[in-house]
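Trainee: Would you be able to build a 3D model of this:
(2 chains)
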2 protein chains.
Amino acid sequence: MKRKITLKQIARELEVSISTVSKALRNSPEISEDTKQKVQAFAKLYNYRPNNIALSLKNRKTNTIGIIIPEIVHHFFSKVIRGVELVANKRGYNVIIGLSNESFSKEVINMEMLANGSIDGFIISISKETQQLQDYHHFNETMSQGMPIVMFDRVVSDIKCDKVIVDDLNGAKNAVEKLIANGCKSIALITTKDYVSVGKLRTQGYLEALENYKIQPKAELILKIDDTLDYETHLEALEDEIEQLFKSNRHIDGIFAVNELYALTAMKVARKLGLEIPKDLQVIGFTDGVLSKHSTPGLTTVSQHAQQMGERAADLLIDKLENKIETEEEEFQTIVIETNLVERESTK
Amino acid sequence: MKRKITLKQIARELEVSISTVSKALRNSPEISEDTKQKVQAFAKLYNYRPNNIALSLKNRKTNTIGIIIPEIVHHFFSKVIRGVELVANKRGYNVIIGLSNESFSKEVINMEMLANGSIDGFIISISKETQQLQDYHHFNETMSQGMPIVMFDRVVSDIKCDKVIVDDLNGAKNAVEKLIANGCKSIALITTKDYVSVGKLRTQGYLEALENYKIQPKAELILKIDDTLDYETHLEALEDEIEQLFKSNRHIDGIFAVNELYALTAMKVARKLGLEIPKDLQVIGFTDGVLSKHSTPGLTTVSQHAQQMGERAADLLIDKLENKIETEEEEFQTIVIETNLVERESTK
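Mentor: Presented below is the predicted three-dimensional model:
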């Protein structure tokens, strides 16, 4: 049996991107005729079969769910996985996990690999690079071949599939309103660059809360962190930038951070600068992870109910797998998980 | 094409364990003739092919590594995965992950699923239940069919395969000797039940350190936690048991805990009881995770170099995959990763 060639190998061989190969094989008008001919000839020569997903689907059911997540070191994603596992096990499904490492091409490769007969459907949170590139052809392709996808947390509004999201905007808004109600006059936001959908929504929630209370937002109080760096470099840069933020804005008395790590780092830097928490500075983070619970002082956070997200996503996917109705127009659901504020010692 | 039947389905159908099915198919003397006949007849009827691993191996190389770990919520395992990913990506391999959830049958099912043509070899840390049952047939079977396994951290000494382990005994011994050198007179140990190999070795290190300093070990200072409970229940029980330990032994001035969670919980309980760290009580944990770094006071820990373990395991596996020498006697390596003590504020 001849070894099956993959998208990745074609891309490497022809020195083009995986996305280009995939589009060329679908005869996309975005790709030049010359490239299309080259890719298609190569694929034919090596017997590449783009429809392997559909083929394998017709042949067998694996009772396995594939999860693709950007990274594993985040407690949030591990809790989502636990939720998926719980429901999957209860309903007789197994789970396997692939990591995109925030990379577009790894996301594509992982999906291709798992879709190739190993699983029945996907639960996905998309990579930062995919969000930046806005290239979603691999999701559409997978679904057009009959394999359902449920997206969670980082979703794409343009893609028609089931989704489980957190109410990021209102979660952030409530947190900032809590800080205002607690007497904070100068609230800084520590967030990510805008291409991360959840960072963007949480930033919007911050702005809406200020607006509700007729507080003028100030650009110098909004710190947007470049989180594409590796973890250690990122952590160091983070400390420096937050220290700079405090030093340039001595009046800051409240911090809303879009994740736990940013919030804890802010507390650490604040303590270093002699600020008392929550007396001089109140801090709220997002994501109720293990760090928030064990930090001193305990961090007040917007809980995302990660495990519940995983459970709901698994139920949506398995429902779809087991009740396949062959209609022209498929219906998709978006489940919004409400957040709640877990109050600890970092706020008054 | 007829759907391929799995070990799990045969077991469910005949109401026996997966292990029994597997052994019956190998004609093991441990299984009664009656059961063997039943299983073998059923397997034949449904066209079960136990040699699917070997078959698929001969046909193709997937350039994918399968990782089987007991759970995902431990920072240790996520850092090992990062190490595997780093090396795998550099050497042109992809990684997929299955979770055993500390369950023997899930470990077997995951291995069967991934071995079935999806991957080239395994990197495994075995489940607690497998350690308790001491049933290792699935590892031996996988290897006898030509698919290499590298075990890390929780390994089985009886099984001939490449291994990457931490020097648990000396790591623990050094930690306890540090406490003694720092003036601790009454050092308690918080560990797991003995069937967990690493817990056992760390307990042994504790005892050897005491012996070196002619300190008589006291049974009442050794707390063995039942960690088979679910996370939340486990956490509550842990707090109660540690509180009891302190209350019954007022003179405790040092704690060595075999993991980070136990150490941090001990610090939390100690603070509640009015003990000052490190003045009244010095604490050292094992596993240099994210909690130790971010806790207040920072926790002194024995660093396991989890990422390095993952890197070495991946190198061992890929070396084996790429340099397959067909000799009668295979050679296996055990790489021992030395620990080192990361000193923070929980010790003097």
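Trainee: Any idea how far apart the tips of stretch A:314-334 sit?
Mentor: The first residue of stretch A:314-334 is 13 Å away from its last residue (Cα to Cα, to the nearest Å).
Trainee: That one - what's its average pLDDT?
Mentor: The predicted model gives stretch A:314-334 an average pLDDT of 79.
Trainee: same question, stretch A:68-86
Mentor: For stretch A:68-86, the per-residue pLDDT averages 88.
Trainee: which residues touch the closest residue in space to A:Lys173 that isn't next to it in sequence?
Mentor: Nearest residue to A:Lys173, sequence neighbours excluded (Cβ to Cβ, 6 or more residues apart in numbering or on different chains): A:Gly205, at 3.9 Å. C-beta coordinates here come from the backbone N, C-alpha and C atoms, glycine included. Counting by Cβ atoms under 8 Å, 6 or more residues apart in numbering or on different chains, A:Gly205 touches A:Asp168, A:Leu169, A:Asn170, A:Gly171, A:Ala172, A:Lys173, A:Asn174, A:Ala175, A:Val176.
Trainee: The residue of chain A found nearest chain B and B:Asn174, how far apart?
Mentor: Across chain A, the shortest distance to chain B (Cβ to the nearest Cβ) belongs to A:Thr296, at 3.6 Å. Distance, A:Thr296 to B:Asn174, using Cβ to Cβ, to the nearest Å: 27 Å.
Trainee: Same question for A:Gln37.
Mentor: 65 Å.
Trainee: what's around A:Lys29, how many residues?
Mentor: Just so we're on the same page, residue A:29 is Pro rather than Lys. By other Cβ atoms under 10 Å in any protein chain shown, the residues close to A:Pro29 number 8.
Trainee: buried sites along stretch A:82-102?
Mentor: For stretch A:82-102, burial by neighbour count (16 or more other Cβ atoms under 10 Å in any protein chain shown) applies to A:82-88, A:91, A:93-102.
Trainee: mean confidence score for the helix or strand harbouring A:Gln132?
Mentor: Using DSSP states H and E, A:Gln132 maps to helix A:128-133. What helix A:128-133 shows for mean pLDDT is 90.
Trainee: Can you confirm whether stretch A:103-114 lies near chain B?
Mentor: Yes - with Cβ under 8 Å from any Cβ of the partner chain as the criterion, chain B is reached by stretch A:103-114 at A:Lys106, A:Ile109, A:Asn110, A:Met113, A:Leu114.
Trainee: which of those sit farthest apart?
Mentor: Distance extremes for those: the farthest pair is A:Lys106 and A:Leu114 at 12.2 Å, using Cβ to Cβ.
Trainee: on that earlier part again, give me the nearest residue to the residue of chain A closest to chain B, chain neighbours excluded.
Mentor: B:Thr296 (3.6 Å).
Trainee: Kindly confirm my reading that the one you found forms part of a helix.
Mentor: No - B:Thr296: not assigned to a helix; according to DSSP: H, G, I helix; E, B strand; the rest coil it is coil.
Trainee: what about it, how many residues close to it?
Mentor: When neighbours are counted by other Cβ under 10 Å, B:Thr296 registers 17.
Trainee: what do you get for the one 4 residues further on?
Mentor: B:Thr300 sits with 25 neighbouring residues when counted by other Cβ under 10 Å.
Trainee: Am I right that it is in contact with B:Leu341?
Mentor: Yes - judged on Cβ atoms under 8 Å, B:Thr300 makes contact with B:Leu341 at a distance of 6.8 Å.
Trainee: follow-up on the earlier one: quick one: which of A:Gln37 and B:Asn174 has more around it?
Mentor: Neighbours were counted for A:Gln37 and for B:Asn174 using other Cβ under 10 Å; B:Asn174 has more, 18 against 11.
Trainee: okay but A:Asp288 is in contact with A:Gln307, surely?
Mentor: No - shown here, A:Asp288 and A:Gln307 do not form a contact pair, counting by Cβ under 8 Å, at 10.2 Å.
Trainee: Name the residue in the two with the higher neighbour count.
Mentor: A:Asp288 (25 against 18).
Trainee: Is it correct that the more buried one falls within a strand?
Mentor: No - using three-state DSSP, the assignment for A:Asp288 is coil, not a strand.
Trainee: so what's it closest to, chain neighbours aside?
Mentor: In this structure, A:Asp288 finds its nearest non-sequential neighbour in A:Ser303, 3.7 Å apart by Cβ to Cβ, 6+ apart.
Trainee: What is the three-state secondary structure of the closest residue to A:Leu221 other than its chain neighbours?
Mentor: The spatially closest residue to A:Leu221, leaving aside those adjacent along the chain, is A:Ala188, at 4.4 Å (Cβ to Cβ, 6+ apart). Under the three-state scheme (three-state DSSP), A:Ala188 adopts strand.
Trainee: so A:Ala188 makes contact with A:Ser248?
Mentor: No - at 10.4 Å, A:Ala188 and A:Ser248 do not qualify as touching, with contact defined as Cβ under 8 Å.
Trainee: Which one's more surrounded, the two?
Mentor: A:Ala188 (26 against 10).
Trainee: ok, the more buried one - contacts?
Mentor: Remark: with contacts taken as Cβ under 8 Å, 6+ apart, A:Ala188 is in contact with A:Leu221, A:Ile222, A:Leu223, A:Leu245, A:Asn249, A:Ile252, A:Gly254, A:Ile255, A:Phe256.
Trainee: same thing but at 6 Å, please
Mentor: A:Leu221, A:Ile252, A:Ile255 (Cβ atoms under 6 Å, 6 or more residues apart in numbering or on different chains).
Trainee: taking those residues one by one, which sit in helices?
Mentor: With DSSP state H as the criterion, helices contain none of the contacts of A:Ala188.
Trainee: which residues touch A:Phe42?
Mentor: Contact analysis of A:Phe42 by Cβ under 6 Å, 6+ apart lists A:Ile10.
Trainee: For A:Arg312, grab the count of nearby residues.
Mentor: Number of residues near A:Arg312 (other Cβ under 10 Å) recorded here: 22.
Trainee: For it, what are phi and psi?
Mentor: As for A:Arg312, its main-chain torsions (degrees, to the nearest 10) stand at phi -60, psi -40.
Trainee: I'd assumed A:Ile165 was in contact with it.
Mentor: No - using Cβ atoms under 6 Å, A:Arg312 makes no contact with A:Ile165, being 10.1 Å away.
Trainee: Strands of chain A, residue ranges please.
Mentor: Applying DSSP state E to chain A gives strands spanning A:64-69, A:94-99, A:121-124, A:149-152, A:162-166, A:187-192, A:222-225, A:254-257, A:282-286, A:300-303, A:334-337, A:340-342.
Trainee: how about those in JSON lines, adding distance to B:Lys160?
Mentor: Listed next are these as JSON lines, based on distance: least, Cβ to Cβ, whole Å:
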{"stretch": "strand A:64-69", "distance to B:Lys160": "30"}
{"stretch": "strand A:94-99", "distance to B:Lys160": "27"}
{"stretch": "strand A:121-124", "distance to B:Lys160": "37"}
{"stretch": "strand A:149-152", "distance to B:Lys160": "42"}
{"stretch": "strand A:162-166", "distance to B:Lys160": "45"}
{"stretch": "strand A:187-192", "distance to B:Lys160": "48"}
{"stretch": "strand A:222-225", "distance to B:Lys160": "48"}
{"stretch": "strand A:254-257", "distance to B:Lys160": "50"}
{"stretch": "strand A:282-286", "distance to B:Lys160": "48"}
{"stretch": "strand A:300-303", "distance to B:Lys160": "47"}
{"stretch": "strand A:334-337", "distance to B:Lys160": "48"}
{"stretch": "strand A:340-342", "distance to B:Lys160": "49"}
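Trainee: Among these, which comes closest to B:Thr20?
Mentor: strand A:94-99 (20.0 Å).
Trainee: who in the stretch 201-348 of chain A is up against chain B?
Mentor: A:Leu264, A:Leu291, A:His294, A:Thr296 (Cβ under 6 Å from any Cβ of the partner chain).
Trainee: Disregarding flanking residues, what is the spatial nearest neighbour of the second one?
Mentor: In other words, A:Leu291. Among residues not flanking A:Leu291 along the chain, A:Glu260 sits closest, at 5.1 Å (Cβ to Cβ, 6+ apart).
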